[in-house]
Structures are given as C-alpha cells and as structure tokens.
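Engineer: Sequence first, predicted model second:
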Amino acid sequence: PCEHNSECHSDYCFTNTLNLQNLCTPKTMFLVCVPWRKSNGLHCQEHSECHSHCCVRTSQIPRKFCSAKTVFLQCVAWRKPSGDYCYSHSECESLCCLSASETSSSRCTRRSGLLALCLPL
C-alpha cells in the first residue's frame, strides 16, 4: 500500500478500483506506468476501465460489464431477442425494430424477404 508515488520503487502509486486502496504498481518494460484495469465479468461504466477495453451490456440486466472482444477485436453487446419491446434497431439481435401499426409499440422482429431486410410484415 502507498499514498504517494515517491513511496514506491517504481515511483507509481495507483488506486486499485476493486477495493479503492492505493498500491505500488510496477512499470512496463517501456518504463511506463500502466494503471490496473478490471477483468472480464466485473461491473464497469467506460471501456477504459476494462483490461479488454470492452465495457458492454452482457444480458437483459441493464448494467454493463467488462467483456472479451470478438476475434475481429470488436465489443459486441447483448441484444434483445425477437418479440421484445425496443426503441431502435441497434437494441435487437436482428437489428430490426418495427411496430405492427402506428399505434402499437415497436418490437424486435426477424428480418424478412429474399435479401433479409428489415421490412414490415
């Protein structure tokens, strides 16, 4: 534990966000001090908090969690299945959010047609 950078051999005292305790942190081989970041599965609000730089919604629960990136190095958030209420296309697995009529609420729907477009039924 430390309170000031001068207390550490590395001259770097960083706050561990899990328990909010300051700890001496070693420098990298490039002599840079790298802050501690959260591992996958821990609650987050920003990408920068995570070791993977990927803070997304991972289930129906609205909270965000640190998550691994895909093979294409993308952060992919959980999306609603067909039938769930939605406000925008990006909320749905199908990327298709439509209302059945002008007065009904929008719901996630499957894509339809030969080109799998987001078309009303």
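Structural biologist: Received, thanks.
Engineer: Give me the below-cutoff pLDDT ranges for the chain.
Structural biologist: Applying pLDDT under 70 to the chain flags residues 15-20, 27-36, 114-115, 121.
Engineer: Show me the strands in it, by range?
Structural biologist: Here the chain has its strands, by DSSP state E, at 13-16, 21-24, 43-44, 55-57, 64-66, 97-99, 106-108.
Engineer: At which residues are the helices of the chain located?
Structural biologist: Taking DSSP state H as the criterion, the chain carries no helices.
Engineer: got the domain boundaries for the protein?
Structural biologist: Listed by automatic domain parsing, the domain ranges of the chain are 1-36, 38-78, 79-112.
Engineer: Residue 118 is nearest to which of these?
Structural biologist: Minimum separation from residue 118 across those (Cβ to Cβ) falls at domain 79-112, 3.8 Å. In this view, the C-beta of every residue, glycine as well, is placed from N, C-alpha and C.
Engineer: can you give me the end-to-end distance of that closest one?
Structural biologist: Terminal residues of domain 79-112 are spaced 18 Å apart (Cα to Cα, to the nearest Å).
Engineer: Switch the domains of the chain over to TSV; also include mean neighbour count and distance to residue 120.
Structural biologist: What follows is the domains of the chain, written out as TSV (neighbours: other Cβ atoms under 10 Å; distance: least, Cβ to Cβ, whole Å):
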stretch	mean neighbour count	distance to residue 120
domain 1-36	12	46
domain 38-78	14	25
domain 79-112	14	5
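Engineer: how about CSV for these, with distance to residue 118 added?
Structural biologist: Formatted as CSV, these follow (distance: least, Cβ to Cβ, whole Å):
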stretch, distance to residue 118
domain 1-36, 40
domain 38-78, 19
domain 79-112, 4
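Engineer: re the thing from before, out of the strands of the chain, nearest to residue 6?
Structural biologist: Of all the strands of the chain, strand 13-16 sits nearest to residue 6, with 8.3 Å by Cβ to Cβ.
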